[in-house]
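In: Curious how this folds, go ahead:
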Amino acid sequence: MYPILFPGDIVYYKKKPSSKIIVDNIVVIKNNNSLSTHRVIYKNKDVFITKGDNNRLADKRIKFNNIMGVVYKIKRKNRFFYPEEQYLMQSTIYFRIIKKIINEFDFQKIEYVFLKGLPFYLHYFKNSPNNIYSDIDILVKKTSSYKIDKILTNLGFLRLSKKLKEDSIEDTYYKTITGQTVVVDIHFQPSFFITKLGNINLLFPNKLVKEFTNKLFLTKKIALIDSCRFNLLEPNYQFVYLCLHYFHHGFQTIRQINVINNFIIYALSKKLTDWNLIILIIKSYQFENFIYPVLNLLKTYYKTPLPLGLSLKLRPSKQLPVNFMKKIDIFNQKGYLDSGISKFILIFILSPRPIYIKILLFLNPKVVKLVIYSLKEKLFSFLLKKK
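Out: Below you'll find the model as predicted:
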């Protein structure tokens, strides 16, 4: 559960009725004669699913009777604190540095829009996330990359890559502030494919990616948060992007689909979305294959109040492989290598390109290099298990 819990911490918990235990609560679980402290990542009327913040695999499904209570206070050495304090502290640090970044962007007339992250949460959900999150994603024009690099460097950030590359589609910067690592991902196009492959025109038309990117800039909306102006995605495009980003993560990250569900519920309550426009956006950019599985997962696990017939209208033109949906595991995450392989297979299967064009991808030196690397690692892992 690091970084919210350290070895040796003492947790204090309170018994709560099942209806009062919500996703993101940290709970104490009784399993036979042992106790564990993990976070609730999913619940329905029958079971809870919990997972350690640093664990790839979720715990087994548990009944309410196995939950001893919800953690409300933590003791570390001689100091007491509440989990909410940790979340608020991280968000406060992030918000302060985000304001500095945006002030510099505005001063230098750098066009930008937040894809997701803290400003998105604060605007739509009116509070910061009740968990420790990893980064913020900002979409910018490629022509601004050197200016942005200078701005972030002057603010004390370090670049993850050794140097700026002309063909990169994102750059990651990080900085440690009072023990908290702040990560800023600068995107030059929305991240919904495997970024390490670079140009993926053989799997999806670059022309459509560029058009979609430009549309995100053209349709952006201004949100006022704590007297500060932030450029956010227009709600209809926000929904589409969140679904594409979830696909980018191989339909694995439970937290992301939970965010999509909550966003839909909020957007419906405020009448922010136009589903006919959403359908038009998805079809115009050939996103059906990537978003259709998300709609099915939302319906299966969250009973999300999507418009009637939406899935039918966005059904892929070609049938998905048998048992494709059943093989998607939204609760567990694969290791780095397996996750990369899985993502490549997903985009290869779901790509709207004809198969004879997709096959040409294997002539791409980057793909060949990744395939050879993956085979070597798999072989090495197999031989280790044999010993």
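In: Using CSV, write out every CA atom in stretch 278-290.
Out: Taking C-alpha atoms only, stretch 278-290 is exported to CSV below (Å, rounded to 0.1, in the frame of the first residue of the first chain):
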residue,chain,number,x,y,z
ILE,A,278,-20.4,11.4,-29.6
ILE,A,279,-21.5,8.7,-32.1
LEU,A,280,-20.6,11.1,-35.0
ILE,A,281,-17.1,11.7,-33.5
ILE,A,282,-16.4,8.0,-32.9
LYS,A,283,-17.5,7.1,-36.4
SER,A,284,-15.8,10.0,-38.1
TYR,A,285,-12.4,9.0,-36.7
GLN,A,286,-13.0,5.2,-37.0
PHE,A,287,-12.8,4.7,-33.2
GLU,A,288,-15.6,2.1,-33.1
ASN,A,289,-13.3,-0.9,-32.6
PHE,A,290,-11.5,0.7,-29.7
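In: Okay, buried residues for that stretch please.
Out: 278-279, 281-282, 285-290 (16 or more other Cβ atoms under 10 Å). C-beta here means a position set from N, CA and C on the backbone, and glycine is covered the same way.
In: Beyond the longest helix along the chain, next helix or strand please.
Out: Ranked by residue count and defined by DSSP state H, the top helix of the chain is helix 83-107. Taking DSSP states H and E as the definition, the helix or strand that follows helix 83-107 towards the C-terminus is strand 112-116.
In: domains in the protein, as residue ranges please.
Out: What the record gives for the chain is the domain set 10-81, 85-318, from automatic domain parsing.
In: For the longest helix of the chain, buried residues please.
Out: Neighbour-count burial for helix 83-107 [16+ other Cβ under 10 Å]: 83, 86-87, 90-91, 93-95, 97-98, 101-102, 104-105.
In: and the angle from that helix to strand 112-116?
Out: Direction vectors for helix 83-107 and strand 112-116, defined by axes from the mean of the first three to the mean of the last three Cα atoms, to 10 degrees, enclose an angle of 160 degrees.
In: and helix 83-107, average pLDDT?
Out: For helix 83-107, the mean pLDDT works out to 95.
In: just how off-centre is it within its chain?
Out: In terms of Cα atoms, centre = their mean, to the nearest Å, the gap separating the centre of helix 83-107 from the centre of its chain is 19 Å.
In: Report all helices and strands that it contacts.
Out: Secondary-structure packing of helix 83-107 (3 or more Cβ pairs under 8 Å, 6 or more residues apart in numbering; DSSP states H and E): strand 67-76, helix 118-124, strand 136-140, helix 145-154, strand 170-177, strand 180-187, strand 228-232.
In: do that again at 7 Å, thanks
Out: The elements that helix 83-107 packs onto, with contact taken as 3 or more Cβ pairs under 7 Å, 6 or more residues apart in numbering; DSSP states H and E, are helix 118-124, strand 180-187.
In: mind checking which of these is nearest Ile22?
Out: Between Ile22 and these, the tightest spacing by Cβ to Cβ is seen for helix 118-124, at 15.8 Å.
In: Using PDB, write down the CA coordinates of the closest one.
Out: What follows is the C-alpha trace of helix 118-124 in PDB, where atoms were taken according to Å, rounded to 0.1, in the frame of the first residue of the first chain:
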ATOM      1  CA  LEU A 118      -6.200  17.000 -11.300                       C
ATOM      2  CA  PRO A 119      -7.900  19.900 -13.200                       C
ATOM      3  CA  PHE A 120     -10.300  17.400 -14.800                       C
ATOM      4  CA  TYR A 121     -11.200  16.000 -11.300                       C
ATOM      5  CA  LEU A 122     -11.600  19.300  -9.700                       C
ATOM      6  CA  HIS A 123     -13.800  20.600 -12.500                       C
ATOM      7  CA  TYR A 124     -16.100  17.600 -13.000                       C
END
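In: Just want the most central residue of the protein.
Out: Gln256 (4.9 Å; Cα atoms, centre = their mean).
In: before we move on, back to that, return the closest of the buried residues of helix 83-107 with respect to Arg229.
Out: After measuring the buried residues of helix 83-107 against Arg229 - Cβ to Cβ - the closest member comes out as Ile102, at 7.9 Å.
In: Now for the closest one: which residues touch it?
Out: Phe230 (Cβ atoms under 7 Å, 6 or more residues apart in numbering).
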